[in-house]
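Student: With the sequence up front, the predicted model follows.
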Amino acid sequence: ACIAEVLSRAGGLRIVLLERGTPGCEASNAAAGVLAVASGHARRGVLLELRRLSAGLFPALVERLQAETGSDLGYRSDGLISLAFSEAEAEELCQLVQHRTSQGLQCEMLTPADLGRYEPEVTPHVRAAALFPDDHAINHERLMRALIVAAQYRGVELCARTEVRAGPLTFPSFALG
């Protein structure tokens with residue numbers, strides 16, 4: 001949906017968005033609107049850099065879509081908290097915070113009192129918690145709707161519940177000469 005929306009800005013293209021099911025109910029739904037860089041599991045390499053670049057582009061995308069569609073996308077830029085419920089998870093979280101700090105990313109382990117100030121209703125079974133202030137979240141359902149509305153406004157055709165299946169490729173014949 002995002003690619004179709006961006007391509008629709010070029011003008012002069014016929015763009016058809018095929019979706020096997022309901023738009024936004026596959027990979028977009030699995031991410032649950034979490035825009036993780038520092039709290040993500042990609043420790044280094046291309047995936048981490050892609051996440052950093054994407055996070056930098058996201059505020060402008062959200063602002064543009066909200067202005068075009070009049071929709072509040074539920075974008076939250078106040079950080080994310082990761083919770084650990086076992087000693088093994090607590091050790092992994094601590095190692096992640098140390099690693100991210102060495103990479104120059106902002107993060108910190110939270111004391112139980114700090115966690116209580118951020119999330120007063122959190123379960124007492126939490127073994128450890130960390131704050132990743134530069135990670136963000138968005139309401140992914142609203143984002144998908146806004147992307148599709150903006151794309152359709154510029155002529156993108158949406159074919160929901162349309163599965164693409166592999167088959168023999170055929171190409172038109174051309175007469176030379």
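Tutor: Perfect, I can see it now. Numbering: from 1, shown residues only.
Student: I'd like the distance between the spatially most central residue of the chain and Ala42.
Tutor: For the chain, the residue whose C-alpha lies nearest the mean C-alpha position (C-alpha atoms, centre = their mean) is Leu35; its distance is 4.6 Å. Distance of Leu35 to Ala42, given as C-beta to C-beta, to the nearest Å: 13 Å. To be clear about C-beta, it is placed using only N, CA and C from the backbone, and glycine gets the same treatment.
Student: where do the contact lists of the two overlap?
Tutor: When contacts are counted by C-beta atoms under 8 Å, 6 or more residues apart in numbering, Leu35 and Ala42 are jointly contacted by no residue.
Student: list the contacts for the closest residue to Val62 other than its chain neighbours?
Tutor: When the adjacent residues along the chain are set aside, Val62 lies closest to Tyr75, with 4.6 Å between them (C-beta to C-beta, 6 or more residues apart in numbering). By C-beta under 8 Å, 6+ apart, the contact set of Tyr75 is Phe58, Pro59, Val62, His136, Ala137, Ile138, Asn139.
Student: Now do the SS call for Ala129.
Tutor: strand (DSSP: H, G, I helix; E, B strand; the rest coil).
Student: tally of neighbours for it?
Tutor: Ala129 has 22 neighbouring residues, counting by other C-beta atoms under 10 Å.
Student: Check the one 3 residues further on too.
Tutor: Taking other C-beta under 10 Å as the neighbour definition, Phe132 ends up with a count of 22.
Student: Now do the contacts for it.
Tutor: Residues near Phe132 by C-beta under 8 Å, 6+ apart: Ala36, Val37, Ala38, Ser39, Gly79, Leu80, Ile81, Ser82, Arg100, Leu105, Gln106, Cys107.
Student: Bridging across strands, which residues link to it?
Tutor: Going by DSSP bridges, Phe132 is paired in beta bridges with Leu80.
Student: Out of the contacts of Phe132, give me the one that has the most neighbours.
Tutor: Neighbours were tallied for each of the contacts of Phe132 (criterion: other C-beta under 10 Å), and the maximum of 27 neighbours falls on Ala38.
Student: Could you verify my assumption that it touches Leu105?
Tutor: Yes: using C-beta atoms under 8 Å, Ala38 is in contact with Leu105, at 4.2 Å.
Student: Run through the helices of this structure in chain order.
Tutor: If you assign secondary structure with DSSP state H, the helices in the chain sit at 2-8, 27-30, 46-69, 87-102, 112-118, 140-153.
Student: Ranked by average pLDDT, which of those falls at the bottom?
Tutor: Between the helices of the chain, the one with the least mean pLDDT is helix 27-30; it has a mean of 60.
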